[in-house]
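[1] sequence and predicted structure are below.
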Amino acid sequence: MSDAIFITTYSAEWGPIDELGVGYIAAVLERSGYVTAIRRLLDKDNKAIRALGEELAHMATPRLVGLACSHRTPDLSTLKQLCEVVKRVAPSTHITAGGYWASFNYKNLLRALRDLDSVVVGEGEIALVALMDHLRGAREWRTVPGIVTRAVRCTAAPLVRDLDSLPIPVRSPPERAGDHLVSISTSRGCMAHCTFCNVPAWMRQFGGAAWRGRSSRGVVDEMAHLIAALKVHRFWIVDSSFEDPLPEGLQRMRSIATDILTRRLNLRYYTFHRAESIARLFSEELLALLRQSGLRRVFIGVESATDIILKAFAKPSRKQDIASALDRLTAAGLAVRCGFIMFTPESTAESLLNNVKFLRERNLLFSTTDLFTRLELYSGTAEVETLRKQGLLRDDFWRNPYAYRFLDERAEWLAEAICPLRRRLSQTADWEILHNADLIATSARLDQRVMEDCRLAVKVRDFCDELTDIKEMVSQNNETFMREAVNLAWGNRKPAAIQQLIEKHIVGFHVPASQTVRMIAIEFLLGIRSVFADFIY
């Protein structure tokens with residue numbers, strides 16, 4: 001029997017991911033004596049939703065069902081169907097929702113979902129334990145701080161001041177040991193103020209201090225525990241910026257890296273950073289230490305190659321910082337993944353072509369999906385208010401991340417014509433294949449055992465050469481596609497012409513190229529693991 005069941009929904013575009021917020025809440029509840037369960041459901045998967053209802057109908061009625069509504073805008077029809085199913089088979093079960101999106105949209109959410117009993121506003125650990133205690137004791141739960149209903153005003157939930165006091169989040173065991181990528185959080189908050197991100201707004205409204213961090217020892221303790229308990233060796237550090245707070249954060253990163261090395265943990269990890277931090281503050285010695293401790297890939301928010309747009313986004317970085325950061329990461333031998341927003345409401349033909357030129361010059365245009373990224377609106381962000389003042393915001397923005405108009409209708413026509421391709425590529429698992437192959441190559445080059453094996457060293461060289469050739473061909477194809485697409489948008493704008501272009505460059509070229517990369521990457525990986533079964537990337 002589960003006292004509380006938490007449901008996380010995911011889109012086909014991104015696939016299932018660890019919801020660390022839910023994992024932390026489940027762990028805190030279990031520490032308080034409650035039994036919890038976590039379910040993952042694909043948006044609009046009616047069969048899975050019906051199966052969940054059948055499961056609930058054949059089990060002791062849980063006191064609570066929680067719906068996770070984090071950064072991304074969830075599918076409202078899926079949430080509505082989930083609430084209806086739960087209330088039909090377990091009418092006495094309390095249904096609540098929480099997360100970034102739910103906190104900012106609690107009024108709209110409670111208005112749209114009649115079967116939803118409450119919304120947790122702010123952090124959920126303390127509030128959910130209090131709510132469960134009140135439900136168990138049949139006490140009046142509407143007085144719990146952070147629990148909002150249709151008749152109760154918004155009051156943020158109490159904060160967890162000491163993040164080290166939290167238990168390790170509940171996670172599902174991986175299907176394949178060693179291949180699984182586990183999310184881990186070392187802090188909450190962010191010191192930046194990007195207008196499109198809801199983290200700064202969340203911290204101001206619900207989270208107190210702009211940043212709170214765990215101790216380096218606590219972070220590495222969790223890594224060691226997960227290696228021993230789940231046999232996982234790859235970690236995605238999901239902090240908004242791993243280097244925060246500056247300058248103290250640089251020493252914190254050193255402490256984590258040094259502790260990993262001291263304990264001789266065989267692991268790999270990936271981090272998020274800001275471009276200006278790497279360009280201005282990271283030394284070669286620090287990058288080498290992070291690499292030695294297991295860092296293999298760095299995600300940086302590039303967003304645009306146009307300084308005017310970067311300034312409008314309130315990003316501290318400029319084009320020169322981004323170029324410098326990419327050069328430094330490449331020189332350090334690390335794989336790089338960039339966040340990029342190709343289309344914004346201010347996009348022009350010039351800005352789009354500048355973006356393409358910059359990505360091509362930095363050897364990043366092989367990332368085909370970067371061509372199809374469009375600004376997503378997150379509730380609570382400064383970007384929402386900017387678009388509202390410009391008269392570009394539509395009323396349904398809270399449930400549609402693209403509910404805005406462009407200043408130039410030609411850019412909007414092009415975005416609507418090609419941006420859906422991102423979902424199409426992700427559904428065929430093509431959108432990250434070149435980046436993942438690059439990551440495998442990076443890890444192989446940095447693995448001393450692999451490079452000391454003469455036969456494998458030759459395989460690494462050949463694989464990297466072949467990968468470089470394919471990336472160059474994909475880059476050329478993507479550049480041609482985007483230039484021709486811009487010409488169409490600023491020319492005749494014929495739907496048939498853009499569809500022919502898509503079929504030629506994306507369906508006819510990109511998909512086969514991705515399939516080729518997948519085959520050679522798998523062959524290469526199997527070759528290394530035939531010698532080193534514990535090779536990780």
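    Received, thanks. Residues are numbered from 1 along each chain as shown.

[2] in this protein, where's the longest strand?
    For the chain, the longest strand by residue count, based on DSSP state E, is strand 295-303.

[3] so for it, mean pLDDT?
    Averaged across strand 295-303, pLDDT comes to 95.

[4] who touches it?
    Residues outside strand 295-303 that contact it (CB atoms under 8 Å, 6 or more residues apart in numbering): 194, 196, 257, 268-275, 278, 309-310, 313, 315, 322, 325-326, 329, 334-341, 439, 442-443, 446, 537. Yep, even glycine has a C-beta here, placed from its N, CA and C like the rest.

[5] which secondary element of this structure has the worst mean pLDDT?
    Every helix and strand of the chain was ranked by mean pLDDT, DSSP states H and E. The lowest is helix 421-427, at a mean of 75.

[6] please save the CA atoms from it in CSV.
    Provided in CSV are the C-alpha atoms of helix 421-427 (Å, rounded to 0.1, in the frame of the first residue of the first chain):
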residue,chain,number,x,y,z
LEU,A,421,10.8,19.4,-36.7
ARG,A,422,12.5,19.3,-33.3
ARG,A,423,9.7,17.0,-32.0
ARG,A,424,9.8,14.9,-35.2
LEU,A,425,13.6,14.3,-34.8
SER,A,426,13.3,13.6,-31.1
GLN,A,427,10.7,11.0,-31.7
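
[7] list the buried residues for that helix?
    Neighbour counts over helix 421-427 (16 or more other CB atoms under 10 Å) mark L421, R422, R424, L425, S426 as buried.

[8] before we move on, what about stretch 471-479?
    Buried residues in stretch 471-479, counted by 16+ other CB under 10 Å: K471, V474, S475, N477, N478, E479.

[9] and the contacts of it?
    Stretch 471-479 is contacted from outside by 356, 360, 363, 365-366, 368, 371, 434, 438, 505, 509-510, 513, using CB under 8 Å, 6+ apart.

[10] farthest pair in those?
    Spanning the widest gap among the contacts of stretch 471-479 are D438 and H505, at 21.2 Å by CB to CB.

[11] those two: which is more packed in?
    Using other CB atoms under 10 Å, the more surrounded residue of D438 and H505 is D438, with 23 against 19.

[12] so what's that one up against?
    A335, L467, K471.

[13] pLDDT weak spots in this structure?
    13-14, 172-179, 427-429 (pLDDT under 70).

[14] need the helices for the stretch 351-500 of the chain, in chain order.
    Under the criterion DSSP state H, counting those that start in this stretch, the stretch 351-500 of the chain contains helices at 382-389, 409-418, 421-427, 433-446, 448-452, 454-489, 495-502.

[15] looking at these, which is buried most?
    Sort these by mean neighbour count, taking mean count of other CB atoms under 10 Å, and helix 433-446 sits at the top with a mean of 21.

[16] could you check the angle that one makes with strand 295-303?
    Counting by axes from the mean of the first three to the mean of the last three CA atoms, to 10 degrees, helix 433-446 points 140 degrees away from the direction of strand 295-303.

[17] looking at the buried residues of helix 421-427, spot the one nearest A127.
    S426 (34.1 Å).

[18] and the gap between the closest one and A27?
    Separation of S426 from A27 (CB to CB, to the nearest Å): 30 Å.

[19] same check on T381?
    The gap separating T381 from A27 is 29 Å, by CB to CB.

[20] more neighbours: which of these two?
    In this view T381 and A27 are compared by other CB under 10 Å, and T381 has more residues nearby, 21 against 18.

[21] check the burial of the nearest residue in space to that one that is not next to it in sequence by counting its neighbours.
    Computed as CB to CB, 6 or more residues apart in numbering, the closest residue to T381 that is not its neighbour in sequence is N198, at 5.1 Å. Burial of N198 is recorded as 23 neighbouring residues (other CB under 10 Å).

[22] over to N198: give its phi and psi.
    Torsion angles at N198 (phi, psi; degrees, to the nearest 10) stand at phi -90, psi 0.

[23] quick one: residues contacting it.
    Neighbour list for N198: H71, Y100, F104, Y378, S379, G380, T381 [criterion: CB under 8 Å, 6+ apart].

[24] quick one: buried ones out of the residues you listed?
    In terms of neighbour count (16+ other CB under 10 Å), the buried residues within the contacts of N198 are Y100, F104, Y378, S379, G380, T381.

[25] any chance of these in CSV, plus distance to L289?
    CSV is the format used below for the buried ones among the contacts of N198 (distance: CB to CB, whole Å):
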residue, distance to L289
Y100, 33
F104, 39
Y378, 34
S379, 39
G380, 36
T381, 35
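
[26] looking at this, L116 is in a strand?
    No - read with DSSP: H, G, I helix; E, B strand; the rest coil, L116 is coil and lies in no strand.

[27] now do the contacts for it.
    By CB under 8 Å, 6+ apart, the residues touching L116 are L67, L79, C83, I95, T96, A97, L109, L110.

[28] swap in D447?
    D447 sits next to F532, F535 when contact means CB under 8 Å, 6+ apart.

[29] roughly how far apart are the most centrally placed residue in the chain and C190?
    Most central in the chain under CA atoms, centre = their mean is V238, positioned 7.5 Å from the mean C-alpha point. Remark: distance between V238 and C190 (CB to CB) = 12 Å.

[30] do N400 as well
    25 Å.

[31] so between the two, which is more surrounded?
    Taking neighbours as other CB under 10 Å, N400 and C190 compare with C190 leading, 21 against 14.

[32] A437 versus V474, what's the distance?
    The value you get for V474 to A437, if CB to CB is used, is 11 Å.

[33] swap that for L163, please
    For L163, the distance to A437 equals 35 Å [CB to CB].

[34] same thing with R39?
    Using CB to CB, we find R39 at a distance of 32 Å from A437.

[35] so how far is the longest strand of the chain off the chain centroid?
    Centre-to-centre, strand 295-303 and its host chain are 12 Å apart (CA atoms, centre = their mean, to the nearest Å).

[36] repeat for stretch 319-330
    That offset, for stretch 319-330, works out to 22 Å (CA atoms, centre = their mean).

[37] go through it and flag the buried ones.
    Buried, per 16+ other CB under 10 Å, within stretch 319-330: K319, D321, I322, A323, S324, A325, L326, R328, L329.

[38] which other residues reach that stretch?
    Stretch 319-330 has contacts (CB under 8 Å, 6+ apart) with 273, 275-276, 278-280, 282, 284, 287, 298, 300, 302, 305-307, 310, 317, 336, 338, 358, 362, 364.

[39] next one: stretch 339-352
    Stretch 339-352 is contacted from outside by 196, 299-304, 306, 309, 312, 355, 359, 367, 370-375, 387, 390, 392, 404-408, 410-411, 414-415, 419, 482, 486, 489-490, using CB under 8 Å, 6+ apart.

[40] could you export it as PDB, CA atoms only?
    Extracted in PDB, the C-alpha atoms of stretch 339-352 (Å, rounded to 0.1, in the frame of the first residue of the first chain):
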ATOM      1  CA  GLY A 339      21.600  25.900 -25.200                       C
ATOM      2  CA  PHE A 340      20.400  27.900 -28.200                       C
ATOM      3  CA  ILE A 341      17.300  29.900 -28.900                       C
ATOM      4  CA  MET A 342      17.300  30.300 -32.700                       C
ATOM      5  CA  PHE A 343      13.900  32.000 -32.900                       C
ATOM      6  CA  THR A 344      12.700  34.900 -30.700                       C
ATOM      7  CA  PRO A 345       9.800  37.400 -31.200                       C
ATOM      8  CA  GLU A 346      12.500  39.900 -32.300                       C
ATOM      9  CA  SER A 347      14.100  37.600 -34.900                       C
ATOM     10  CA  THR A 348      15.100  39.000 -38.200                       C
ATOM     11  CA  ALA A 349      16.700  37.500 -41.300                       C
ATOM     12  CA  GLU A 350      20.000  39.100 -40.200                       C
ATOM     13  CA  SER A 351      19.800  37.600 -36.700                       C
ATOM     14  CA  LEU A 352      19.000  34.200 -37.900                       C
END
